[in-house]
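> Got a sequence here, can you build the structure:
(2 chains)
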Amino acid sequence: MLRIKNLVVDHGAIRALHGISISIEKGQLAAVIGANGAGKTTLLRTLSGLNKASDGSATWGDHNILHSKPESLVRHGISHVSEGKSVIPELTVSENLDLGALWRRNRKEAAKSKQDVVDLFPRLGERLSQRADSLSGGERQMLAIGRSMMAKPQLLLLDEPSLGLAPLVVEQIFQSIRDLTNALGLTVVLVEQNAMGALKIADIGIVLNLGSIAATGSAAALRDDPAVRAAYLGF
Amino acid sequence: MFEFVNTLLIGITAGSIYSLMAIAIVLVWRSTRVINFATGGLALASTFVGASILEKTGSFWIALPVAMLAGAAFSAFIEYFFLRPLLKRSGEKNQEIFLAIIATLGLLGIIKAILKFIYGDEIGSLPPPLSDKGFIVSGESIALSPLRLMILGIVLLLMIVLTFIFQRTNLGLSLRAASFAPEISRLSGIRVDLIRTAGWAIAGAAGATAGVLQTTNGSGSVSPDSFEFTLLFVFGFVAAVIGGIESLIGAVVGSLTLGVILAIILMYLGSSLVFFAAFVILILVLLLRPSGIIGVKGGRRA
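All right, here's what the predicted structure looks like:
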């Protein structure tokens, strides 16, 4: 399980996270919602090793994940899809996918992961030799998730996969995330502005406000919580 | 007509050597966002290594690969012990990149001082391994000699090897990904620091080859304060900028273009204008096509 205790993160003089504690069970999909500047992205970037924590602890299983580099955390099953369709536009679809598994020694299994991704997102399979900048927004998000799946992760950190996508595409992407979680027994931390959409597919929800936890509980309970509805769901 | 063809041949040979220097500059720029002004100095040091190997073994074909390995090692050393700590401390912010660039200038001075200290007024000797007498075509000697053919062959071979590495290997994919998007690469598990060092090593080998070939193609000898290597760096840099500074293919096209233009100027206008002309071309490209002659609009290419 993912266990975060009193996590404090600073950006220079500004404190982004004020000692938050979260526990997420294995196989759970957790939605982290909240307004801009609430610290959602900072949380993910700290968990994947891109940002440094000032205090507190975070463990995945029995592995301490603070003070590690992203490239080594990937090797421990933690994969982070960063904000805004994180693909490399200059590379082909196929190269973007391969990139995610270059570190894996077992090339046969890596090839199998690629086949799995193509099976999951057939549209990527049709476009393997195209440059990634020729893809639509939704396809790029599929590619970004596909690339992270190439690492055969156990903990998936997703930063705003719905950003800039049409509502119908958002629904598809969310559905794929839910399906992946169930099929592979993944643990997922999903950071979202689209609070309603995220809480619909999540098991638990965490509401961040100005770097602290404002509310937490089962996703269904949060969806029905009047305070959360008023502040984050808009009705 | 005959004279013009000869001029073209001279220009293409010179340009092919510049292209290796330009590739060295582009590779470092793409991986670290630094123009390494010590590129020429590293090539000079590697050429000295090549010259001493040639003196010991008598074989150019041992000297060249050893010089390339030395160039790769020097370059990787500098990236690892010099640029990496410097950039890490300054956090890779824009204004601090200038610090790194100025630091490479300082490094150039240090390399030259070390060479001067080791070699003093001695010169390294790299005579042509093959005849530089032009082939005879219908009774006249043309500007294509066995030596020039060898140079073109070596450059072509290296281009094929580089293309293969960049397009077909995992190292190449890592190098491209790390230069386009270091953060996404790290999140994908690429050890970007290590890959960056590898990029510098390849650049060092390319620069070393440029230095050795330039020396055998030119005077056949090299001194610690060689002006020829300053020129080689300047031409390589101008060629890289003509090619759009981001692109390896651009670097080659830019170098051949520059080589031919400079050869034409040398043949028809005189040698005093060559250096001047290189800078005029640089300024014109920067003013008129800052993305380079084959720079792609809004995009970077492998």
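> what sits opposite residue A:79 in the beta ladder?
Here residue A:79 shows beta-bridge partners residue A:156, assigned using DSSP bridges.
> Just the pLDDT for it.
What the model reports for residue A:79 is a pLDDT of 96.
> Could you list every helix and strand in contact with the lengthiest helix in chain A?
When chain A is parsed with DSSP state H, its longest helix is helix A:167-184. Contact partners of helix A:167-184 among helices and strands, from 3 or more CB pairs under 8 Å, 6 or more residues apart in numbering or on different chains; DSSP states H and E: strand A:29-33, helix A:137-149, strand A:155-159, strand A:187-192, helix A:195-201. For every residue, glycine as well, the C-beta is placed using N, CA and C.
> how about JSON lines for those, with mean pLDDT added?
Supplementary listing: these in JSON lines, determined by pLDDT from 0 to 100:
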{"stretch": "strand A:29-33", "mean pLDDT": "96"}
{"stretch": "helix A:137-149", "mean pLDDT": "94"}
{"stretch": "strand A:155-159", "mean pLDDT": "96"}
{"stretch": "strand A:187-192", "mean pLDDT": "96"}
{"stretch": "helix A:195-201", "mean pLDDT": "93"}
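> Residue B:281 against residue B:255, yeah?
No - with the criterion set as CB atoms under 8 Å, residue B:281 and residue B:255 do not qualify as a contacting pair; they are 12.0 Å apart.
> So which of the two has more stuff around it?
Legend: neighbour count by other CB atoms under 10 Å in any protein chain shown for residue B:281 and residue B:255, higher for residue B:255 (30 against 21).
> in which helix or strand would I find that one?
Under the criterion DSSP states H and E, the helix or strand holding residue B:255 is helix B:248-268.
> Strands along the chain, start to end?
If you meant another chain, say so; for now it's chain A. Here chain A has its strands, by DSSP state E, at A:2-11, A:14-24, A:29-33, A:55-60, A:63-64, A:78-81, A:155-159, A:187-192, A:204-209, A:212-218.
> actually chain B
Along chain B, counting by DSSP E, strands occupy B:124-125, B:136-137, B:140-141, B:221-222.
> Tell me how many other residues surround residue B:8.
For residue B:8, the count of nearby residues is 17 (other CB under 10 Å).
> and the closest residue in space to it that isn't next to it in sequence, what is it in contact with?
Take residue B:8 and drop its neighbours on the chain: the residue closest to it by CB to CB, 6 or more residues apart in numbering or on different chains is residue B:260, 6.1 Å away. With contact taken as CB atoms under 8 Å, 6 or more residues apart in numbering or on different chains, residue B:260 is in contact with B:7-8, B:11-12, B:15.
> okay, stretch B:11-28 in CSV with CA atoms only?
Output for stretch B:11-28, consisting of C-alpha atoms alone and laid out as CSV, is shown next (Å, rounded to 0.1, in the frame of the first residue of the first chain):
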residue,chain,number,x,y,z
GLY,B,11,34.7,22.5,-50.7
ILE,B,12,32.9,19.2,-50.2
THR,B,13,36.0,17.6,-48.6
ALA,B,14,36.5,20.6,-46.2
GLY,B,15,32.7,20.6,-45.5
SER,B,16,32.7,16.9,-44.6
ILE,B,17,35.3,17.6,-42.0
TYR,B,18,33.3,20.6,-40.7
SER,B,19,30.3,18.4,-40.5
LEU,B,20,31.9,16.3,-37.8
MET,B,21,32.8,19.4,-35.8
ALA,B,22,29.2,20.7,-36.3
ILE,B,23,27.8,17.4,-35.1
ALA,B,24,30.0,17.6,-32.0
ILE,B,25,28.6,21.0,-31.3
VAL,B,26,24.9,20.0,-32.1
LEU,B,27,25.1,16.9,-29.9
VAL,B,28,26.3,18.8,-26.9
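> what about it, near chain A?
No - under the criterion of CB under 8 Å from any CB of the partner chain, chain A is not reached by stretch B:11-28; the shortest gap measures 14.8 Å.
> Just give me how far that stretch sits from the chain centre.
Per CA atoms, centre = their mean, to the nearest Å, the displacement of stretch B:11-28 from the mean C-alpha position of its chain is 5 Å.
> ok, now stretch B:254-267?
16 Å.
> returning to what we had before: can you tell me which of the contacts of residue B:260 is nearest chain A?
In terms of CB to the nearest CB, no member of the contacts of residue B:260 lies closer to chain A than residue B:15, at 26.4 Å.
> Give me the number of neighbouring residues for the closest one.
Residue B:15 is flanked by 26 other residues according to other CB under 10 Å.
> Just confirm it contacts residue B:255, I think it does.
Yes - counting by CB under 8 Å, residue B:15 sits close enough to residue B:255 to count as a contact (4.7 Å).
> Pull up the overlap in contacts between these two.
The contact sets of residue B:15 and residue B:255 overlap at residue B:239 (CB under 8 Å, 6+ apart).
> show me what contacts the residue nearest the centre of chain A?
Geometric centre of chain A, nearest residue: residue A:158, 1.3 Å, by CA atoms, centre = their mean. By CB under 8 Å, 6+ apart, the contact list for residue A:158 reads A:44, A:81, A:145, A:177, A:188-191.
> got the residues of the stretch 151-300 of chain B near chain A?
For the stretch 151-300 of chain B, the contact set with chain A under CB under 8 Å from any CB comprises B:170, B:173-174, B:176-177, B:180-181, B:183-192, B:299-300.
> From those residues, list the buried ones, please.
B:173-174, B:176-177, B:180-181, B:184-192, B:300 (16 or more other CB atoms under 10 Å in any protein chain shown).
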